[in-house]
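[1] requesting a structural model of the entry that follows:
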Amino acid sequence: MPSIPEPDAATAETGAGHDFVVVASRLPVDRIEEPDGGTSWRPSPGGLVTALEPVMREAGGVWIGWSGDAGPEPGPFEAGGLHLVGMGLSAEEVRDFYEGFCNATLWPLYHDVIAPPQFHRHWWDAYVAVNRRFAQAAASHAARGATVWIHDYQLQLVPQMLRQQRGDVRIGFFNHIPFPGYEIFAQLPWRRQVVEGLLGADLLGFQRRADATNFLRACRRATGLTTKGSTVRVGGPAGPRDVHAAAFPISIDTAGLSQIAQREDVRKRAREIREVLGHPEIVLLGVDRLDYTKGILHRLKAYGELLNEGRLGPPQAVLVQVASPSRERVEAYRELRDEVELTVSRINGEHAEVGTTPVHYLHQSYPREEMAALYLAADVMLVTPLRDGMNLVAKEYVACRNDESGALVLSEFTGAADELGGAFLVNPHDIEGLKDTIVRATTVSPAEARRRMRSMRRRVREHDVAHWAATFLSTLDGLAGPDAGAEPEGADPDAGAEPDGDASTSPDLLPGPGAPAY
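    Model prediction:
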């Protein structure tokens, strides 16, 4: 199996450019075609954008990413006070790189094969080609000695490709989704190339300790390298170097969201929402991208059974499910939308009465102010993914609860479960347990609810997005100093005690093989 192909020989000058470069699959803005034929840009939704925008504004620098649609690259421009470099993807690359390898191969594979991954060689070829272009863009816009921070599973080959072009830059990589146990990761025909690509970084960040552990095991199994604690020793033209892998749980702009939730217009909107819902005693809320990893169908099944059993239901309780559109050109997502909407229709058909609807389903995206109002209107937040790297919705809900009321039902298969000890943790696959936990959250005493919420709010306040970014970047900066061999301060590194152990958070999962590569 060949290694990652060598990058093109031509590289840009290393003396000019930005001292801080963010490389992500998407720009933090969406292109809007105006009625007069012009183009404008507006901030785009998403966890990565929400997390990094305040950091970029404070640190300056440049953000390199794709505009989100097929066509020529926009090139360098400014929007919202940010320096941006737009990358272009052809229609074929959108199909093979984005919809194919990223969303039909890596996404299901890295989420414990909740859906079967597909392995196609021409998808891999597109992945290599697009990653190379991103690496070349980073090389051309980074000043000598710059810090380059690469993000997420779409760009796992960029660290090595960039290092081959620019040995002078410091490279960090952060993986926003889970990194699977080796028995799952080993299904990927290009597993060694992916590991080698990631090892081009100086520091690899993951959401959970288990993810870092899984990656370190992949280094041992896929490449034969030796790991020691959180460190992997790799060779290179300049001699051996150490790559560090550790957990850096991502967070949100807690103070900013808390301030939005305190605004009178937002609080008034929250009251209006409850009024439109018929003033129920309990408002349950789910907020997700429409994705099969989010456990929306499991949640609806549990709620439907609670209605059947008479344990919850209108007019006492209603469920609001926001499912923002996601990857609608991918067949699996279209099928999921049909199934979710059919399930909602069946529940409402069986249990609705005149003036009362048990499930309010909203297949839309909303601005932050409307989301804050929904968080304020909800008595119980249901965050029950089958697998998730972090899940910032859980933290957003907590940040908005300034009066320390409300309850959070949280899947144990999220990174947020490691931090939010005041949540009601649940295994979303256990429908009976999920039902009981939902009922328990709706009946919790005000005193216990305040105690739980207070501890969670303290966590998201003290460990906000600024803390996340500062911890990662200071750790990355420290790796070049005299104490480069020390454990990263503030991180949660893999202990490395089990050289062949599997730290997957789903150890009992025995997935079948994915579709063959062809």
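[2] any idea how far the nearest residue to residue 316 once chain neighbours are set aside is from residue 318?
    Across the structure, with C-beta to C-beta, 6 or more residues apart in numbering as the measure, the residue nearest residue 316 apart from its sequence neighbours is residue 281 (5.0 Å). For glycine as for every other residue, the C-beta is placed from the backbone atoms N, C-alpha and C. Applying C-beta to C-beta, to the nearest Å, the value for residue 281 to residue 318 is 10 Å.
[3] what about residue 245, which SS state?
    Three states are possible here, and by DSSP: H, G, I helix; E, B strand; the rest coil the one that applies to residue 245 is strand.
[4] wait, isn't it in contact with residue 202?
    No: counting by C-beta atoms under 8 Å, residue 245 sits too far from residue 202 to count as a contact (10.7 Å).
[5] more neighbours, those two?
    Of the pair residue 245 and residue 202, residue 245 is the one with more neighbours under other C-beta atoms under 10 Å, namely 30 against 24.
[6] per-residue confidence at the more buried one?
    pLDDT for residue 245: 98.
[7] if it is in a bridge, with which residues?
    Beta-bridge partners of residue 245, counted by DSSP bridges, are residue 204.
[8] list the contacts of it.
    For residue 245, the contacting residues are 203, 204, 206, 212, 215, 216, 230, 231, 232, 493, 494, by C-beta atoms under 8 Å, 6 or more residues apart in numbering.
[9] mind listing which of those are in strands?
    Among the contacts of residue 245, the residues falling in strands (DSSP state E) are 203, 204, 206, 231, 232, 493.
[10] model confidence for the first one, exactly?
    Confidence per residue is given as pLDDT, and for residue 203 that number is 98.
[11] neighbouring contacts of the strand or helix carrying residue 163?
    For residue 163, the host element (DSSP states H and E) is helix 158-165. The set of residues external to helix 158-165 that reach it, using C-beta under 8 Å, 6+ apart, is 4, 6-7, 11, 23, 131-132, 134-136, 138-139, 148, 150, 169, 171, 173, 196-201, 236.
[12] and these, which are buried?
    By the neighbour-count criterion of 16 or more other C-beta atoms under 10 Å, the contacts of helix 158-165 include these buried positions: 4, 7, 23, 131-132, 134-136, 138-139, 148, 150, 169, 171, 173, 196-201.
[13] so which of those residues belong to strands?
    Here DSSP E is the test, and these give 23, 148, 150, 171, 173 as lying in strands.
[14] which SS state does the spatially most central residue of the chain fall under?
    In the chain, the residue lying closest to the centroid (C-alpha atoms, centre = their mean) is residue 176, at 4.4 Å. What three-state DSSP gives for residue 176 is coil.
[15] from the contacts of residue 245, which is closest to residue 275?
    Within the contacts of residue 245, distances to residue 275 taken as C-beta to C-beta reach their minimum at residue 206, with 43.5 Å.
[16] for that closest one, grab the count of nearby residues.
    Counted with other C-beta under 10 Å, residues neighbouring residue 206 total 29.
[17] just residue 187 next, same as before
    Counted with other C-beta under 10 Å, the burial measure for residue 187 works out to 20 neighbours.
[18] again with the one 4 residues further on
    Using other C-beta under 10 Å, the number of residues around residue 191 comes to 18.
[19] and it, what's its pLDDT?
    Predicted confidence (pLDDT) for residue 191: 98.
[20] hmm, it is touching residue 223, no?
    No: the pair residue 191 and residue 223 fails to qualify as a contact (C-beta under 8 Å) at a distance of 9.1 Å.
[21] residue 157 - how many residues pack around it?
    25.
[22] when you give positions from now on, start the count at 382
    Sounds good: first residue 382 from here, last item residue 538.
[23] ok, it touching residue 508?
    Yes: Residue 538 is in contact with residue 508 according to C-beta under 8 Å; the separation is 7.2 Å.
[24] list the residues that contact residue 556.
    With contacts taken as C-beta under 8 Å, 6+ apart, residue 556 has the following neighbours: 533, 534, 585, 586, 587, 588, 592, 596, 770.
[25] could you find the closest non-adjacent residue to the second one?
    Read it as residue 534. residue 487 (5.0 Å).
[26] output the contacting helices and strands for the strand or helix carrying residue 762.
    In the assignment (DSSP H and E), residue 762 maps to strand 761-764. In terms of contact count using 3 or more C-beta pairs under 8 Å, 6 or more residues apart in numbering; DSSP states H and E, strand 761-764 is assigned the packing partners strand 663-670, helix 773-781, strand 788-792, helix 812-823.
[27] got these as JSON lines, with mean neighbour count columns?
    JSON lines is the format used below for the helices and strands packed on strand 761-764 (neighbours: other C-beta atoms under 10 Å):
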{"stretch": "strand 663-670", "mean neighbour count": "23"}
{"stretch": "helix 773-781", "mean neighbour count": "28"}
{"stretch": "strand 788-792", "mean neighbour count": "27"}
{"stretch": "helix 812-823", "mean neighbour count": "19"}
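[28] out of those, which comes closest to residue 565?
    For these, the distance to residue 565 is smallest for strand 788-792, at 18.5 Å, taking C-beta to C-beta.
[29] any idea of the mean pLDDT in the closest one?
    Here the mean pLDDT over strand 788-792 is 98, rounded to a whole number.
[30] now that strand against helix 812-823, angle please.
    Calculated by axes from the mean of the first three to the mean of the last three C-alpha atoms, to 10 degrees, strand 788-792 forms an angle of 160 degrees with helix 812-823.
[31] count the neighbours of residue 503 for me.
    13.
[32] repeat for residue 465
    Number of residues near residue 465 (other C-beta under 10 Å) recorded here: 22.
[33] just the buried residues of the helix or strand residue 466 falls within, please?
    Secondary structure from DSSP H and E places residue 466 in strand 463-470. Residues of strand 463-470 classed as buried: 463, 464, 465, 466, 467, 468, 470 (neighbour count, 16+ other C-beta under 10 Å).
[34] what helices or strands is that strand leaning on?
    helix 428-440, strand 443-451, strand 456-460, helix 502-522.
[35] gap between that strand and the chain center?
    When distances are taken as C-alpha atoms, centre = their mean, to the nearest Å, strand 463-470 is centred 21 Å away from the chain's centroid.
[36] quick check, residue 399 in contact with residue 522.
    Yes: with the criterion set as C-beta under 8 Å, residue 399 and residue 522 qualify as a contacting pair; they are 5.9 Å apart.
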